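Asker: Based on what follows, work out the 3D shape:
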Amino acid sequence: MAFKASDLSVLAYANNFTLWHYTTVDASGVVTGAGYFNTASDMMRVNDLIIANLDTDGTPATKFYIVTGNSGGAVTIALYS
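Answerer: Below you'll find the predicted structure:
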């Protein structure tokens, strides 16, 4: 599938930091793929965190991601550890 803006919401915002929630039927490998969050590049900042409910129609999982890059409309994320 593809990123759906309607499934992305803000949980908290303070001091130029946003904690996001995202829910999707996509698996982790799809979400972390190149360009997945690009259409949200105008909203996301480096170091924002995303709580993601993944594969909601299969084997559900919850993972935390950090925005590691956002340049020229290209958003990159990584598993938060």
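Asker: What distance do you get for V25 to N47?
Answerer: As judged by Cβ to Cβ, to the nearest Å, V25 and N47 stand 27 Å apart. Backbone N, C-alpha and C define where each C-beta goes, glycine included.
Asker: Tell me which of those two has more neighbours.
Answerer: Taking neighbours as other Cβ atoms under 10 Å, V25 and N47 compare with V25 leading, 15 against 12.
Asker: quick one, what contacts that one?
Answerer: M1, D55, T56, D57, G58 (Cβ atoms under 8 Å, 6 or more residues apart in numbering).
Asker: Mind doing that once more with 10 Å?
Answerer: Contacts for V25 were tallied using Cβ atoms under 10 Å, 6 or more residues apart in numbering; they are M1, K4, D7, N53, L54, D55, T56, D57, G58, P60.
Asker: do the same with L19
Answerer: Contacts for L19 (Cβ under 10 Å, 6+ apart) come out as V10, L11, A12, Y13, D48, L49, I50, I51, F64.
Asker: Between which two of those residues is the distance greatest?
Answerer: Spatially, the most separated pair among these is Y13 and F64, at 17.1 Å (Cβ to Cβ).
Asker: How about stretch 45-62, which residues are buried there?
Answerer: For stretch 45-62, a neighbour-count test (16 or more other Cβ atoms under 10 Å) marks D48, L49, I50, A52, L54, D55 as buried.
Asker: With that, I have no additional questions.
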